[in-house]
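Student: Pasting a predicted model and its sequence here:
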Amino acid sequence: MHRSVTTSGEQAVAMMSAEELKSMELLSSINRGMNREHVYRTLGPPSEDLHVLGKWNGFGGSDLSQTRVYFVDEIPLRIRWIKLGYFMYEKNL
């Protein structure tokens, strides 16, 4: 069986590169007091802007990673960052 994610949570943060840690700081600044526009100003333009989520391909400087911010009524509710083969970081806001 092939595992697409090897670590999560604090272990994931501990193995991040310097560039990924800077990206992590940006993700950590996202909160429920923001709207979609504010999230997009913070993270930059998304690769895809879908009705319920924004997607950033290559987030943190790797082609293997993607970040998604899930929205309800234009308010961010959850963040998920996956770097295939390395880590998954997920946070409910």
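Tutor: Structure's in. What do you need? Numbers count the residues shown, from 1 in each chain.
Student: Now do the top helix by length along the chain: which elements does it pack against?
Tutor: Ranked by residue count, the top helix of the chain under DSSP state H comes out as helix 18-28. Counting contacts by 3 or more CB pairs under 8 Å, 6 or more residues apart in numbering; DSSP states H and E, helix 18-28 packs against helix 36-43, strand 75-83, strand 87-92. Any C-beta I mention is one placed from the backbone N, CA and C, and that applies to glycine too.
Student: swap the cut-off to 10 Å and go again
Tutor: Packing contacts for helix 18-28, counted by 3 or more CB pairs under 10 Å, 6 or more residues apart in numbering; DSSP states H and E, involve helix 9-14, helix 36-43, strand 65-72, strand 75-83, strand 87-92.
Student: Now tabulate these in TSV and tack on mean neighbour count, mean pLDDT and distance to residue 58.
Tutor: Converted to TSV, the helices and strands packed on helix 18-28 look like this (neighbours: other CB atoms under 10 Å; pLDDT from 0 to 100; distance: least, CB to CB, whole Å):
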stretch	mean neighbour count	mean pLDDT	distance to residue 58
helix 9-14	13	78	17
helix 36-43	15	97	12
strand 65-72	19	97	6
strand 75-83	19	95	10
strand 87-92	16	88	15
